[in-house]
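# Model the following, please.
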Amino acid sequence: MGFPGTWMTESESVVYRVVPKCACSTIGQIMFYSDHGSFFDGDIHDAQSGMHKWALEHSQAPITANVINHSSYAFTCVRNPYTRILSSFFDKICGIQRNGKRYRGNLVPLLIQKYGIEVGGEDGKQEFDQIQSFRRFLLFARDTIRWRRPMDPDIHWSAMSGHVSTFIVNGGTYDKIIWTEKFNEGMQEVLSAIKTPKKVKLKDVPRFNESEGHGPKRAHPVEDYFDDLSMHLVREIYKRDFELFKYDFDNPGNKMPIGEIDLDEVHAKLGD
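Sure, this is the predicted structure:
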């Protein structure tokens, strides 16, 4: 199985397990900068060199050796499940991707046909009932996760605990899990704990939100998208995420964590 979704600086100063929709573009660029003193020109997900990534064959041996021996500081980043699934909907379902096409080709037509979802027309710019469409998308997300129908779950809306756990199950150990909602604070802790070839000044780092502008703007507060049934579906899909990463299930309007992440608990519950 190995360590899918794992990135490591070439200097091996730090190891990071990517969790989609959780500041991964910014984190990747910070890692790249900390080795090279400049940011990658383009979307960091497209970088084929300058950083080790599990998806690159030549990177797998060094990543494996490092992670198994826990040679470097290892971390990941999580986000409130309510805002994460909403963000996935607007970016991946309603938005036009950076290649100018819809995400995953026939996915959106399938959703329009089978679940009655609207996405704001061909370009994602037209008005539509965002709340109704999002709630129908949630049913689809649940179906993919619960029954793997009409397709396998997508990495952008499968549970964070699933992403986080592969690293542990295959022999890795986290030193830190940071929250997207307290990004600067958490990332500063990571940077303070490691030695990097180039110094990173967090306050000078731009936000690399690669998904921004892909889709329509969210027209309502987060809590308006989640009624009783939606919250029930969210609990069904993301129960472990709320519990382990200390988010507030009862109030979709509160995106901030409500407790401290217990790394021992995370390793124990996601390691079996």
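# now for the top strand by length along the chain, which elements pack on it?
Secondary structure of the chain per DSSP state E: the longest strand is strand 73-78. If you count contacts as 3 or more CB pairs under 8 Å, 6 or more residues apart in numbering; DSSP states H and E, strand 73-78 packs onto strand 14-17, helix 160-169, strand 176-179, helix 183-193. No exception for glycine: its C-beta is placed from N, CA and C like everyone else's.
# would you turn those into TSV with mean pLDDT, distance to residue 116 and mean neighbour count?
As requested, these are exported to TSV (pLDDT from 0 to 100; distance: least, CB to CB, whole Å; neighbours: other CB atoms under 10 Å):
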stretch	mean pLDDT	distance to residue 116	mean neighbour count
strand 14-17	98	36	26
helix 160-169	98	28	20
strand 176-179	98	34	20
helix 183-193	98	36	15
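# Adding distance to residue 43, write those out as CSV.
Below are these laid out as CSV (distance: least, CB to CB, whole Å):
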stretch, distance to residue 43
strand 14-17, 16
helix 160-169, 19
strand 176-179, 21
helix 183-193, 19
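# tell me the angle the longest strand of the chain makes with helix 160-169.
160 degrees (axes from the mean of the first three to the mean of the last three CA atoms, to 10 degrees).
# Strand 73-78 vs helix 183-193, what angle?
Using the same axes, to 10 degrees: strand 73-78 against helix 183-193 is 170 degrees.
# The helix or strand that comes right after strand 73-78: how far from the chain's middle?
Using DSSP states H and E, the helix or strand that follows strand 73-78 towards the C-terminus is helix 81-88. Centroid separation between helix 81-88 and its chain, computed with CA atoms, centre = their mean, to the nearest Å, is 10 Å.
# For helix 81-88, name the packing helices and strands.
helix 130-147, helix 228-245.
# Please tell me how far the last one is from the chain's geometric centre.
Distance of helix 228-245 from its chain centroid, counting by CA atoms, centre = their mean, is 16 Å.
# Can you show me the strands along the stretch 1-150 of the chain?
6-9, 14-17, 51-53, 73-78 (DSSP state E, counting those that start in this stretch).
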